[in-house]
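*Asks:* Got a sequence here, can you model it:
(2 chains)
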There are 2 protein chains.
Amino acid sequence: MTDPSSTYELLAISVRNLIDATIRTELEPNAIASIATQIDAITGRLSTEQMPGSFGERVSIDGQSPASGNAVIGVRNPLAPPLVIHEGNGAVWSELILGAAYEGPAGYVHGGVCAMVLDHVLGATAHKPGRPAYTGTLTLRYHRGTPLRKALRAEAWVDRVEGVKTFAVGQLSDSGGVTVSAEGVFIHPRK
Amino acid sequence: MTDPSSTYELLAISVRNLIDATIRTELEPNAIASIATQIDAITGRLSTEQMPGSFGERVSIDGQSPASGNAVIGVRNPLAPPLVIHEGNGAVWSELILGAAYEGPAGYVHGGVCAMVLDHVLGATAHKPGRPAYTGTLTLRYHRGTPLRKALRAEAWVDRVEGVKTFAVGQLSDSGGVTVSAEGVFIHPRK
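*Replies:* Below you'll find the predicted structure:
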């Protein structure tokens, strides 16, 4: 017996590795063209049975989390690193390594990718099961470059809660300290 | 004769389509497992000749832009939409549509992806050929959800320049108006 969720997760892992290889390959163009044709055939096969919209819009109760397609934490989304979010002692954190696909300046993580990671981790301080929080405002301060291929840690805490608003602070760091710090306001929509 | 750059670009386009199909497929697990094996074989083939680090770290003069691996505009990077940046009349803009891979809340673009796009477009107001600008601070204000699969426009302008600092403002919008607004300070490192 195969666990359906984990099979889809393994496919996403394979595609993440393919993304890295696509960026870094130095095979000659004729070989590349042939490989692109093979990939198109695989995409055609996967598309013979597919949900009409995005993963989150899917209506199905089969044990797969609605967040499986999420751009930051989605285990089925090859774009997502994916972040695994931990909680404890009033904080939320994730440990991650970002490769060639997340590059901005040569050898460094794109500043926008740092923003994406911090948006999610700060927002996670406000998330409650069945009651998601949406970003109201987010402010990022870049201290220095965030390196590719190094162990990184993203973490956040709640500074205070005022009604539907959660004020969160957090940071992205490598072994040498903080590279980007952030503060944000996350909002629970009134029901 | 094949143009090497465009062949690599076509491969990235094929992988972007594969990413979407990976998230949205409803094929049964045994078929998925077999496809993952095929993808691993392709990745192995691409990896037989590859650059040691990320694309930007590569030392080669063959006509491929160092930004080809960039997470937002990289034509060789399947993670990148990729944005095409236009300039004119003192503004910088890009038109884009974001699919299932960029999802946060069901049916909407992840707030962190909006931040990533705006970081790049605001930063582009400060970029000069051979003289990149780095993000100093970035502040985002989310007005409402940014829809998936709809025509979006990201645009930015320079508010003012003070020495090495460019103060930029911008916004992300759909046909109904602004969804996220942003302001940022971008810095040219002193040489």
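
*Asks:* neighbours around the nearest residue to A:Thr22 once chain neighbours are set aside, how many?
*Replies:* With sequence-adjacent residues excluded and distances taken as CB to CB, 6 or more residues apart in numbering or on different chains, A:Thr22 is closest to B:Val15, at 5.0 Å. Bear in mind the C-beta positions are built from the backbone N, C-alpha and C, glycine included. Neighbourhood size, B:Val15 [other CB atoms under 10 Å in any protein chain shown]: 27.

*Asks:* Quick one: distance of the helix or strand containing B:Val15 to the chain centre.
*Replies:* Using DSSP states H and E, B:Val15 sits within helix B:4-24. Its chain's C-alpha centre lies 14 Å from the corresponding centre of helix B:4-24 when counted by CA atoms, centre = their mean, to the nearest Å.

*Asks:* Please export the C-alpha coordinates of it as CSV.
*Replies:* Output of helix B:4-24 as CSV, limited to C-alpha atoms (Å, rounded to 0.1, in the frame of the first residue of the first chain):
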residue,chain,number,x,y,z
PRO,B,4,21.8,28.1,-27.0
SER,B,5,20.1,30.6,-24.7
SER,B,6,16.7,30.1,-26.2
THR,B,7,17.0,26.3,-26.0
TYR,B,8,17.7,26.6,-22.2
GLU,B,9,14.8,29.0,-22.0
LEU,B,10,12.5,26.5,-23.7
LEU,B,11,13.6,23.9,-21.2
ALA,B,12,12.7,26.2,-18.3
ILE,B,13,9.3,26.8,-19.9
SER,B,14,8.7,23.0,-20.1
VAL,B,15,9.7,22.7,-16.4
ARG,B,16,7.3,25.5,-15.4
ASN,B,17,4.5,23.6,-17.1
LEU,B,18,5.6,20.5,-15.3
ILE,B,19,5.5,22.3,-11.9
ASP,B,20,1.9,23.3,-12.5
ALA,B,21,1.0,19.8,-13.5
THR,B,22,2.8,18.3,-10.5
ILE,B,23,0.6,20.4,-8.1
ARG,B,24,-2.6,19.8,-10.0
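
*Asks:* check contacts around the most centrally placed residue in chain A.
*Replies:* Nearest to the geometric centre of chain A sits A:Val72, at 1.6 Å (CA atoms, centre = their mean). Taking CB atoms under 8 Å, 6 or more residues apart in numbering or on different chains, we find A:Val72 in contact with A:80-83, A:116-117, A:119-120, B:104, B:110, B:112.

*Asks:* Ramachandran angles for it?
*Replies:* Phi and psi for A:Val72, reported as degrees, to the nearest 10, are phi -110, psi -40.

*Asks:* A:Arg131 now?
*Replies:* phi -140, psi 80.

*Asks:* One more: A:Glu26?
*Replies:* Dihedral angles for A:Glu26 - degrees, to the nearest 10 - are phi -120, psi 20.

*Asks:* tally of neighbours for it?
*Replies:* 15.

*Asks:* Could you do the one 10 residues further on as well?
*Replies:* Applying the criterion other CB under 10 Å, we find 21 residues in the vicinity of A:Ala36.

*Asks:* Please tell me I have it right and it contacts B:Ala12.
*Replies:* No - A:Ala36 lies out of contact with B:Ala12 (CB atoms under 8 Å); the separation is 9.0 Å.

*Asks:* May I have the secondary structure class of A:Val121?
*Replies:* helix (DSSP: H, G, I helix; E, B strand; the rest coil).

*Asks:* Give me the pLDDT value at it.
*Replies:* pLDDT for A:Val121: 97.

*Asks:* So the residue nearest to A:Thr22 sits against A:Leu18, correct?
*Replies:* Yes - using CB under 8 Å, B:Val15 makes contact with A:Leu18 at a distance of 6.2 Å.

*Asks:* Overlap of the contact sets of those two?
*Replies:* A:Ile39.

*Asks:* before we move on, the earlier item: right, and the helix or strand after the helix holding B:Val15?
*Replies:* Immediately after helix B:4-24, counting by DSSP H and E, sits helix B:29-46.

*Asks:* what about that next one, near chain A?
*Replies:* Yes - judged by CB under 8 Å from any CB of the partner chain, helix B:29-46 comes into contact with chain A at B:29-33, B:35-36, B:38-40, B:42-43, B:45-46.

*Asks:* For that helix, buried residues please.
*Replies:* For helix B:29-46, the neighbour count (16 or more other CB atoms under 10 Å in any protein chain shown) marks B:29, B:32, B:35-36, B:39, B:42-43, B:45-46 as buried.

*Asks:* rewinding a little: what sits against the residue nearest to A:Thr22?
*Replies:* Counting by CB under 8 Å, 6+ apart, the residues that B:Val15 touches are A:15, A:18-19, A:22, A:39, B:78.

*Asks:* How about the nearest residue to A:Glu155 once chain neighbours are set aside: which residues does it bridge to?
*Replies:* Nearest non-adjacent residue to A:Glu155, counting by CB to CB, 6+ apart: A:Trp93, 3.9 Å away. Residues in a beta bridge with A:Trp93, per DSSP bridges, are A:His86, A:Glu155.

*Asks:* which residues touch A:Trp93?
*Replies:* A:85-86, A:121, A:153-156.

*Asks:* Need the outlier residue of chain A, farthest from its centre.
*Replies:* The centre of chain A is farthest from one residue, A:Asn30, which by CA atoms, centre = their mean lies 33.3 Å away.

*Asks:* Next one: it from B:Thr7, what distance?
*Replies:* Note on A:Asn30: its distance to B:Thr7, by CB to CB, to the nearest Å, is 8 Å.

*Asks:* give me phi/psi at the nearest residue to A:Pro81 once chain neighbours are set aside?
*Replies:* Excluding the flanking residues, the one nearest A:Pro81 by CB to CB, 6+ apart is A:Leu96, at 5.3 Å. Taking degrees, to the nearest 10, you get phi -150, psi 160 for the backbone angles of A:Leu96.

*Asks:* can you check the one 4 residues further on too?
*Replies:* A:Ala100 adopts backbone torsions of phi -50, psi -30, taken as degrees, to the nearest 10.
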